[in-house]
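Novice: Quick one, what's the 3D model for this:
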Amino acid sequence: MTRREIGANRRTMVLALLLTVVIVSANGDRPDSQIDQWMETLRFGIDSEVESILTPIRQAGVTELDDALATRFSATRSNALRKAIIEHFTELDSAVIGTRVRSLLVDEEGLPNDLLRVSAAYLSRVAGEESDALIDRYREIALRADTLSATVAIDAIGRSRTENAEKILIALYDEVRDVDRRAAVVRALGTVGARDAIDLLTRLATDEFESASLRHYAAESLGRIGSPDSLPVLSSLLSDPDAVMRAYATLALGFYPQGDSSHTLQDALLDSFWRVRVAALQGIAEQKDPEAIPAVSYKARRDPERPVREQAITTLLAIGTDRALDTIAAIASDRRAAERERITAVTGLIERTADASIETVTRIVAEEWSLPNSRLLDAIGRAISVRSEAAFEPLATRFLQHENFIIRIYGMRAIGKAGLSEHADELRRIARANPPGLVRTTAVSALGELGIDFDPEAAAESPDSDPDETAPAEAGGSGASPDDRPAAAADDAGPSDDWD
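Specialist: Below you'll find the predicted structure:
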């Protein structure tokens, strides 16, 4: 049986299963909640309709539809919808459709390049699916697909833990000829820790006439492999006339244990090229070297380049000592500091030191409370909404009183996540007072996390209902959903991604 026949048979069986689980009410009433409407679309909608609801489902944080989405994935013949569903679960970091995507990739022929690419990325980075058949398929993609899909497949081989991955990659280096695919192989050799490739990587890194990208990735991979014999080579590259080469060599040294390269990394903080300083800070973060705190604190407060300041904040958070966190708290509280840096600092405090950060975070919330569209307040709310520490209860309950419904939603999520059951009555009131939509869904979901099943429709006529509660799309200063705002994440300044 061919891959195409296997895929067709599987789609037929899954479609039959999908139709058997459809439940239609006796009176033919339309669904009365957003989730019911989405489920109806998954069951009866055409492919483009299903594709159009994926972003709203993701933004609402709804996971109840995962099984239905997985079933629709197996039933559809649309490569566009397949790709969209894979990207949906990739963004959610959910392995729900891992086995289905593996079957698709291994069994079906003639898949378009963009579907090959997202499938390989999902299986290797999210689902963690591995098998010899899958590795063979990655190799086939590396040789025959377009360059972008090939590089993702090569990366997937490097991420695998199969015994023959190293041998396949070394052989691939000679089989592929274009620089982009070879560069992907060189990086993957570092990911897999290919000690048999050290001689090849050393030759590439030290050859000044070699392609710049091959040299850069070879240096990084030598660092990832971590052989002591490579330390002198990497140290010598710190004086290379190519500034980006110095950055990669600095990054590579950061993969070594603290002590082997600590002083070299601190010296690299003096380099005039900002990417070298960022790489040095990344290395110090890997080593969590407390001796570097004075230098890193200076960079966080006073370096002339924003990416360096932001990476220095991240490095201080990684070191995590009281001295490092004192600097972070000072930056978070400094109104003169850049907004992005304050956001990085305050959310880092929330993630790493719940009890110790309460005072600082509470003060910032008070300062930002009345400011329209405060991104700092939004970032704090989002960070707290996924924490399980009861220490954030005062902030979570205060968020319920904010005029912007987005901030109120963060408060509800925080109450559910932290198990603050004493606030269940307030969540019930909110669920009753709001029409079907994101606010009600969030309140009911938070009650569910508290172990409380609640049907707001059944309680709609309760005397506690507040008919004047503003509907979600009209509340506060924004009609956007909680996850549909400009991201505040710092630029990715790591050499591994876009330093060329």
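
Novice: quick one: secondary structure of residue 453?
Specialist: coil (DSSP: H, G, I helix; E, B strand; the rest coil).

Novice: Test for you: state the pLDDT assigned to it.
Specialist: Listed pLDDT for residue 453 reads 90.

Novice: That one - nearest residue in space that isn't next to it in sequence?
Specialist: residue 447 (7.6 Å; C-beta to C-beta, 6 or more residues apart in numbering). Heads up, the C-betas are built off the backbone N, CA and C, glycines and all.

Novice: can you tell me which residues contact that neighbour?
Specialist: Contact analysis of residue 447 by C-beta atoms under 8 Å, 6 or more residues apart in numbering lists 416, 424, 427-428, 431, 453-454.

Novice: cool, and residue 157?
Specialist: Applying C-beta under 8 Å, 6+ apart to residue 157 gives the contacts 135, 138-139, 142, 165, 168-169, 172, 188, 192.

Novice: same check, this time on residue 169
Specialist: 154, 157-158, 185, 188-189, 192, 194, 197.

Novice: again with residue 240
Specialist: For residue 240, the contacting residues are 246, 249, by C-beta under 8 Å, 6+ apart.

Novice: can you check residue 262 too?
Specialist: By C-beta under 8 Å, 6+ apart, the contact list for residue 262 reads 284, 287, 289, 291-292.

Novice: Looking at those residues, which are in helices?
Specialist: 284, 287 (DSSP state H).

Novice: Narrow the contacts of residue 262 to just the buried residues.
Specialist: Buried by 16 or more other C-beta atoms under 10 Å: 284, 287, 289, 292, out of the contacts of residue 262.

Novice: Please report phi then psi for the nearest residue to the second one once chain neighbours are set aside.
Specialist: Right, the one you point to is residue 287. Nearest residue to residue 287, sequence neighbours excluded (C-beta to C-beta, 6+ apart): residue 258, at 4.1 Å. Note on residue 258: backbone dihedrals following degrees, to the nearest 10 are phi -60, psi 130.

Novice: Please look at residue 258 and residue 288 and confirm they touch.
Specialist: Yes. Applying C-beta atoms under 8 Å as the test, residue 258 and residue 288 come out as touching, 7.2 Å apart.

Novice: I'd like the contacts of residue 447 written out as JSON lines, with neighbour count added.
Specialist: Formatted as JSON lines, the contacts of residue 447 follow (neighbours: other C-beta atoms under 10 Å):
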{"residue": "416", "neighbour count": "26"}
{"residue": "424", "neighbour count": "17"}
{"residue": "427", "neighbour count": "27"}
{"residue": "428", "neighbour count": "19"}
{"residue": "431", "neighbour count": "25"}
{"residue": "453", "neighbour count": "7"}
{"residue": "454", "neighbour count": "17"}
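
Novice: and which of those residues is nearest to residue 227?
Specialist: Set against residue 227, the nearest of these by C-beta to C-beta is residue 416 (48.6 Å).

Novice: what's the spacing between that closest one and residue 386?
Specialist: 11 Å (C-beta to C-beta, to the nearest Å).

Novice: now residue 419
Specialist: 13 Å.

Novice: would you list every one of the strands in the stretch 301-450 of the chain?
Specialist: Secondary structure of the stretch 301-450 of the chain (DSSP state E, counting those that start in this stretch): no strands located.

Novice: and residue 443, what does it touch?
Specialist: 412, 427-428, 430-431, 434, 456.

Novice: What does the pLDDT read for it?
Specialist: In this model, residue 443 is scored at 94, pLDDT.

Novice: Spatially nearest residue to it, not counting backbone neighbours?
Specialist: residue 431 (3.9 Å).

Novice: what does residue 186 give?
Specialist: Going by C-beta to C-beta, 6+ apart, residue 186 has residue 217 as its nearest residue, at 4.4 Å.

Novice: give the contact list for residue 41.
Specialist: Taking C-beta under 8 Å, 6+ apart as the test, what residue 41 contacts is 49-50, 53.

Novice: Using ChimeraX, define a selection of the buried residues within these.
Specialist: Selection of the buried residues among these in ChimeraX, burial being defined by 16+ other C-beta under 10 Å:
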select :50,53
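
Novice: Secondary structure, pLDDT and distance to residue 317 for the contacts of residue 41 - can I get that in a markdown table?
Specialist: Formatted as a markdown table, the contacts of residue 41 follow (DSSP: H, G, I helix; E, B strand; the rest coil; pLDDT from 0 to 100; distance: C-beta to C-beta, whole Å):
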| residue | secondary structure | pLDDT | distance to residue 317 |
| --- | --- | --- | --- |
| 49 | helix | 98 | 43 |
| 50 | helix | 98 | 40 |
| 53 | helix | 97 | 37 |
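
Novice: List just the nearest of the contacts of residue 41 to residue 356.
Specialist: Closest to residue 356, out of all of those and judged by C-beta to C-beta, is residue 53, at 41.7 Å.

Novice: Roughly how far does that closest one sit from residue 88?
Specialist: 10 Å.

Novice: same check, this time on residue 353
Specialist: From residue 353 to residue 88 the distance is 33 Å (C-beta to C-beta).

Novice: Repeat that for residue 100.
Specialist: 13 Å.

Novice: what does residue 337 give?
Specialist: Distance, residue 337 to residue 88, by C-beta to C-beta: 36 Å.

Novice: swap in residue 113?
Specialist: Distance, residue 113 to residue 88, by C-beta to C-beta: 20 Å.

Novice: Looking at the two, which is more packed in?
Specialist: Taking other C-beta atoms under 10 Å, residue 113 and residue 88 do not tie; residue 88 has more neighbours (21 against 16).

Novice: What separation do you get for that one and residue 50?
Specialist: 10 Å.

Novice: same question, residue 106
Specialist: The separation that residue 106 has from residue 50, given C-beta to C-beta, amounts to 24 Å.

Novice: Residue 43 too?
Specialist: Distance from residue 43 to residue 50, by C-beta to C-beta: 10 Å.

Novice: ok, now residue 403?
Specialist: 35 Å.

Novice: Surely residue 193 and residue 224 touch.
Specialist: Yes. Applying C-beta under 8 Å as the test, residue 193 and residue 224 come out as touching, 6.8 Å apart.

Novice: What ranges does the stretch 351-500 of the chain have for its helices?
Specialist: Applying DSSP state H, counting those that start in this stretch to the stretch 351-500 of the chain gives helices spanning 354-368, 375-385, 393-399, 405-418, 424-433, 438-449, 495-498.

Novice: Quick check: which of those helices is nearest to residue 150?
Specialist: Of the helices of the stretch 351-500 of the chain, nearest to residue 150 by C-beta to C-beta is helix 495-498, at 17.7 Å.

Novice: Can you give the contact residues for stretch 359-374?
Specialist: 329, 332-333, 335, 342, 346, 349-350, 376-377, 380, 384, 394-395, 398, 402, 477-478.
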